[in-house]
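> sharing a sequence plus its predicted fold:
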Amino acid sequence: MAKNTREHLSRFNYLLGETEAAYHEASVKLGCSDSAVKILYAICDNGGSCPLRTIRRRSGLSKQTMNSAIRKLEAEGVLYLENAGARAKNACLTDVGRAVAKRTAMRIQQIENDILACWSEEELETYLRLTEQFLVKFRERTAQL
């Protein structure tokens, strides 16, 4: 690996870690766990109800972490689960959950929207295209592991 590529990869990994830390700090400031915010974010992004499979894919949480966080949110009256087929369930926000989501996940989403609104269309498209390209290539390469 060329020195320049190593430096870029190091910077890339640093930025990923710092971004994750910034989201963690935001969650803490909002009085919520990272897992809860990621789950609420996915549900809000899906209109207030979301299949568990979709939450897991969008949040990046492990199955065990997601299930633990969902059980906690369910016990707090933030969401409830409804059957969506033989082996599928949807997580649905309650009225309490909508209020919690509004003061947590939706605030983070608004911050993200405000930041991206400052980018030109070309910058945004370039960022998304390159991020997706990296993800596709990474999945292709790791499928061979």
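Everything's here; your move.
> all contacts plus neighbour counts: C-alpha atoms, from now on.
Will do.
> from Thr126, how far out is the residue nearest the centre of the chain?
Centroid check for the chain by Cα atoms, centre = their mean gives Ser59 as the closest residue, at 3.8 Å. Here Ser59 is placed at a distance of 23 Å from Thr126 (Cα to Cα, to the nearest Å).
> how about Cys50?
29 Å.
> count the residues that sit near Ala26.
Per other Cα atoms under 10 Å, the neighbour tally for Ala26 reads 19.
> can you tell me the SS state at the closest residue to it other than its chain neighbours?
Using Cα to Cα, 6 or more residues apart in numbering and skipping the chain neighbours, the partner closest in space to Ala26 is Ile108 (7.6 Å). Three-state assignment for Ile108 (DSSP: H, G, I helix; E, B strand; the rest coil): helix.
> so what does the one helix or strand Val100 maps to touch, helix or strand wise?
Under the criterion of DSSP states H and E, Val100 resides in helix 95-103. Contacts defined by 3 or more Cα pairs under 8 Å, 6 or more residues apart in numbering; DSSP states H and E place helix 95-103 against helix 34-45.
> where do the strands of the protein begin and end?
49-51, 79-83, 89-93 (DSSP state E).
> so which bits of the shortest one are buried?
Using 16 or more other Cα atoms under 10 Å as the test for burial, strand 49-51 gives Ser49, Cys50, Pro51.
> what pairs with that strand, parallel or antiparallel?
According to DSSP bridges, strand 49-51 forms sheet pairs with strand 89-93 (antiparallel).
> now the second one
The partner list of strand 79-83 in its sheet, established with DSSP bridges, is strand 89-93 (antiparallel).
> what are the contacting residues of the partner strand?
Residues outside strand 89-93 that contact it (Cα atoms under 8 Å, 6 or more residues apart in numbering) are 43, 48-52, 78-84.
> buried ones among those residues?
Buried subset of those (neighbour count, 16+ other Cα under 10 Å): Ile43, Gly48, Ser49, Cys50, Pro51, Leu52, Val78, Leu79, Tyr80, Leu81.
> cheers, nothing more for now.
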